[in-house]
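Student: Here you go, sequence then predicted model.
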Amino acid sequence: MTLDRLPRGKMARVTNVFGGKGIRRNLAQLGIYPGSIIKVTGSGVWRGPILIEAAGSSVALGRGLARRIEVEMLE
Amino acid sequence: MIVALAGQPNSGKSTIFNHLAGYRAITANFPGTTVQYQKSRTILKGQSFQIVDLPGTYSLSTSEPAGLEALRYLLSGEADVVINVVDASLLSRSLELTWELLELEIPLVLCLNMMDEARRKGINIDVERLASILSIPVVPAVASRGQGLEELFSAAKQVYKASKAGLIQNTPLELRYSKDVEDIIADLAVCLRDGFCWRPNVPKRLLAIKLLEDDEFFMEEAEKKAPLLVGEARRLQQELEVSHGRSADLVISSERHALALNIFEQVAIVGEPRASFREKIDNLLMHKYWGYLFLASILLAFFNLVFWLGSQVEGPLLAIFDRLISLMKGGLGASLPFFIAQGVLQGLAGGIGIVLPYLVPFLIGLAILEDIGYLPRVGFLMDTFLHRIGLHGKSVISFILGYGCSVPAVMATRILEAERDRFITATLATMIPCAARTTIILALVAYYISPNAALLIYILNIFIVALAGKILSRILPQLTPGLVLEIPPYRVPSLKVVLKKSWLRIKDFIVIAWPLLIISSAFLSLLEYFALDKLINQVLFPITYILGLPVAVGTTLIFGILRKELSMLMLFQALGTTNIATVMSSDQIMIFTIFVLFYVPCISTIAVLARELGRKRMAFVVAFTLGLAMAAALIVRGIFYLLEH
């Protein structure tokens, strides 16, 4: 599933990031790359951004970007 | 000895810099505060250093302006030692940049900053183990309290001595890619040795890695300087892609991720984080509904407080100056000395009585909000609205800084990824009422009409900026990459830093704007004495006539381009009173303020726009804002007309 559908409070492993080199690099720098583990901690109103925790820090991600990140939920 | 501070955004480089150099670099709790590097001399334990504060960068990738600027400086060979400042609470992520810095093969020291934050998160770091893995000195520190800085610089000194003695560090064995990747890097490095190297001072291994990563800047250079090499680099990229099943840059970056994580696991023990109420605050302040309520309340309280404080001081002070001027008039009559003295006095009055009472509390309040770390949270909350005008939440940082001053707001657009976003954000940021224009709104509209009318102007401003954003993104349609913004933890602002930072910004008004203000004021007096102001007013008559403003307002608009405050302060001078209400109606005050709010950025902003966007785009911004100011002021005039007839 894609990251924007991950329920709040759940951990997941990133399996793929779709997009150009620039986007993949920007995300990777913040700890979002295939294999990394992230957690959704909040989401904005009116299809606003989501808030995740990656590599120990909090990152706000636009909804459109979150849709390009494929994850698998960890139990 | 020249020491450069390099590290990821918001890792505390400027805090270290300020600790040693006195407060000179603006610090704030959000990523990307430093966009231009600063240098300073300092003496520590009898040794003279030059410190360079580089902009924060997540990696040395040249596709971002900050990364390119940092890499260019580091490759220039100017720095004798580089201190890699790392947020210890984000060690695993930060080690990737450390690795890239090691590949530069320059003397390096690692500063584990924010150790207190790491402990709070339950991260325990084995400093010695880390130093032995990286084979560089590692110094723990808490820069905000000055802890560990002496040790840091004596470590830098030792590394410098060692490098002078020829003990050059090579990339440590632990920091190697897997064998097949290293082989390919070595292949390309050999080609570079065979006369294809156009940058003799850059390590061949680093250049080879950059080319394999398909780094835009270096590939472009190679195409010009060594086209044959590009073919070889592409062939080797292909080779990596075939053997690993993904593109070469991905192969290299995933090895970096894996290794950084591996080192982190070797040196750090992660325990239970201390239960902190800071996270709980975010459940409220970033909540999908409550968050907006808090945002509105915080801003409302902020402006009310600033206005209340300012207006307590403005009235009594202006009354004193008024009495002085009328006393003088009695003594000197309408002679030339009187005109000059009156001009100077009004310039002084403008600074003390009108600008400073609002500017000081405003800048202190803004500094507190910045240092707490609230601005990125506003970015998160506003993202969805900015999406509707074709931007995203990261632009909010520019907009909020714009309430302080347009110059840093335009510079902060560098943290945006897309050029188009930078252009639109910079254009819109110049239309946000900066501290100077805030004093106009507060001292004219709030003071003479009502605080609610001032609030109305702010709301109208946001509405018009949004509309302008919509227009610009229609002209330049493109999908923005979307929001990627790190939200730093809340920090308790230090009173000392807040005051020093505000002082740095207030000083800017006192040493640059105020003298200009006094000179302009005296100059306008002279113009009036020789009746030259009439000429300027005549030239600007079409504008003042259409807007229904007194003709004498014309000259003030010219002065406003120098500094925005001047357009209001000159108004007192041009109309010959410190009580505007006697010569202008409330409608006229509103129309004047709205026009001044938008028309043509001040001269410093024009200069920074030309530098950041180029002259053509700067000229566009000037024309665009002038047109918008006319339109907005006319529409407001029309509304007033309809309401009253």
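Tutor: Perfect, thanks for sending it. Just so it is clear, the structure is predicted and the values come from calculations on it, not from any experiment.
Student: mind listing what the helix or strand hosting B:C111 pairs with, with the direction of each?
Tutor: When elements are assigned from DSSP states H and E, B:C111 belongs to strand B:108-113. Paired neighbours of strand B:108-113 in the sheet (DSSP bridges): strand B:81-87 (parallel), strand B:138-140 (parallel).
Student: Any chance you could list what contacts that strand?
Tutor: Counting by C-beta atoms under 8 Å, 6 or more residues apart in numbering or on different chains, the neighbours of strand B:108-113 from elsewhere in the structure are B:7, B:11-12, B:15-16, B:81-88, B:91, B:98, B:101-102, B:118, B:125, B:127, B:130-131, B:134, B:136-143, B:148, B:152, B:155-156, B:159, B:169. All C-beta atoms are positioned from the backbone trio N, CA, C, and that covers glycine.
Student: how distant is it from the center of its chain?
Tutor: 25 Å (C-alpha atoms, centre = their mean, to the nearest Å).
Student: how about the CA coordinates for it, as PDB?
Tutor: These are the backbone C-alpha positions of strand B:108-113, laid out as PDB (Å, rounded to 0.1, in the frame of the first residue of the first chain):
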ATOM      1  CA  LEU B 108      38.100  16.500   9.800                       C
ATOM      2  CA  VAL B 109      36.800  16.600  13.400                       C
ATOM      3  CA  LEU B 110      33.400  15.300  14.300                       C
ATOM      4  CA  CYS B 111      31.400  17.400  16.800                       C
ATOM      5  CA  LEU B 112      28.600  15.400  18.500                       C
ATOM      6  CA  ASN B 113      26.400  18.400  19.300                       C
END
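Student: Need the per-residue pLDDT for the closest residue to chain A within the stretch 451-600 of chain B.
Tutor: In the stretch 451-600 of chain B, no residue comes nearer to chain A than B:G482, which is 3.2 Å away by C-beta to the nearest C-beta. Confidence at B:G482, expressed as pLDDT, is 78.
Student: burial of it, as a residue count?
Tutor: By the measure other C-beta atoms under 10 Å in any protein chain shown, the count of residues near B:G482 is 24.
Student: Phi, psi for the residue nearest to A:M73 when sequence neighbours are not counted please.
Tutor: In space, not counting the residues next to it along the chain, A:M73 is nearest to A:A12; the distance is 5.0 Å by C-beta to C-beta, 6 or more residues apart in numbering or on different chains. Main-chain torsions, A:A12, degrees, to the nearest 10: phi -150, psi 160.
Student: Can you report how many residues lie near A:A12?
Tutor: Per other C-beta under 10 Å, the neighbour tally for A:A12 reads 21.
Student: again with the one 5 residues further on
Tutor: Per other C-beta under 10 Å, the neighbour tally for A:V17 reads 21.
Student: Quick check: it touching A:L27?
Tutor: Yes. In terms of C-beta atoms under 8 Å, A:V17 counts as a neighbour of A:L27; the distance is 5.9 Å.
Student: what's the overlap in contacts for these two?
Tutor: Shared contacts of A:V17 and A:L27, defined by C-beta under 8 Å, 6+ apart, comprise A:33, A:69.
Student: ok, B:R246 to chain A distance?
Tutor: With distances defined as C-beta to the nearest C-beta, to the nearest Å, the gap from B:R246 to chain A amounts to 9 Å.
Student: what's near enough to touch that residue?
Tutor: Contacts were defined as C-beta under 8 Å, 6+ apart; by that measure B:R246 touches B:S254.
Student: Assumed it was part of a strand.
Tutor: No. Secondary structure assignment places B:R246 outside any strand; it is coil (DSSP: H, G, I helix; E, B strand; the rest coil).
Student: so after the lengthiest helix in chain B, what's the next helix or strand?
Tutor: Among the segments of chain B that qualify as a helix by DSSP state H, the longest is helix B:290-332. The C-terminal neighbour of helix B:290-332 among helices and strands, as given by DSSP H and E, is helix B:336-349.
Student: Identify all contacting residues around that next one.
Tutor: When contacts are taken as C-beta under 8 Å, 6+ apart, the neighbours of helix B:336-349 outside the stretch itself are B:317-318, B:321, B:324-325, B:328-329, B:332, B:514, B:517-526, B:528-529, B:569, B:572-573, B:578.
Student: 10 Å - rerun?
Tutor: For helix B:336-349, the external contacting residues (C-beta atoms under 10 Å, 6 or more residues apart in numbering or on different chains) are B:317-318, B:320-322, B:324-325, B:328-332, B:334-335, B:353, B:514-530, B:566, B:569-570, B:572-573, B:576, B:578.
Student: Pull out the buried residues from these.
Tutor: Neighbour counting by 16 or more other C-beta atoms under 10 Å in any protein chain shown classes B:317-318, B:321-322, B:325, B:353, B:514, B:516-518, B:520-525, B:527-529, B:566, B:569-570, B:572-573, B:578 among the contacts of helix B:336-349 as buried.
Student: Distance check, B:K329 against B:A581.
Tutor: Noted for B:K329: a distance of 21 Å to B:A581, by C-beta to C-beta, to the nearest Å.
Student: B:P200 now?
Tutor: In this view, B:P200 and B:A581 are 71 Å apart by C-beta to C-beta.
Student: So between these two, which is more surrounded?
Tutor: The residue with more neighbours, out of B:P200 and B:A581 and counting by other C-beta under 10 Å, is B:A581; that gives 13 against 7.
Student: If I follow the layout properly, the more buried one ends up in contact with B:Y448?
Tutor: Yes. The criterion here is C-beta atoms under 10 Å, and B:A581 meets it with B:Y448 at 4.9 Å.
Student: quick one: average pLDDT of stretch B:449-469?
Tutor: Mean pLDDT, stretch B:449-469: 89.
Student: So for that stretch, what gets flagged as buried?
Tutor: If you call a residue buried by 16+ other C-beta under 10 Å, then stretch B:449-469 has these buried ones: B:449, B:451, B:453-455, B:457-458, B:460-461, B:464-466, B:468-469.
Student: hmm, back to that, most packed of the strands paired with strand B:108-113?
Tutor: Ranked by mean neighbour count, those are led by strand B:81-87 with a mean of 27 (mean count of other C-beta atoms under 10 Å in any protein chain shown).
Student: quick one: it to chain centroid distance?
Tutor: Average the C-alpha atoms of strand B:81-87, do the same for its chain, and the two points are 21 Å apart (C-alpha atoms, centre = their mean).
Student: so the helix or strand just after it versus strand B:81-87, what angle?
Tutor: Helices and strands here follow DSSP H and E; after strand B:81-87, the next one along the chain is helix B:91-103. Taking axes from the mean of the first three to the mean of the last three C-alpha atoms, to 10 degrees, helix B:91-103 and strand B:81-87 form an angle of 170 degrees between their directions.
Student: Where do the strands of chain A begin and end?
Tutor: Listed in chain order, the strands of chain A (DSSP state E) span A:11-17, A:37-43, A:50-54, A:57-61, A:69-73.
Student: Of those, flag the one that's most buried.
Tutor: A comparison of the strands of chain A by mean neighbour count, using mean count of other C-beta under 10 Å, puts strand A:57-61 on top with a mean of 24.
Student: Against which helices or strands is the helix of greatest length in chain A packed?
Tutor: In terms of residue count, the longest helix belonging to chain A (DSSP H) is helix A:21-29. Where contact means 3 or more C-beta pairs under 10 Å, 6 or more residues apart in numbering or on different chains; DSSP states H and E, helix A:21-29 is packed against strand A:11-17, helix A:63-66, helix B:91-103, helix B:248-267, strand B:484-487.
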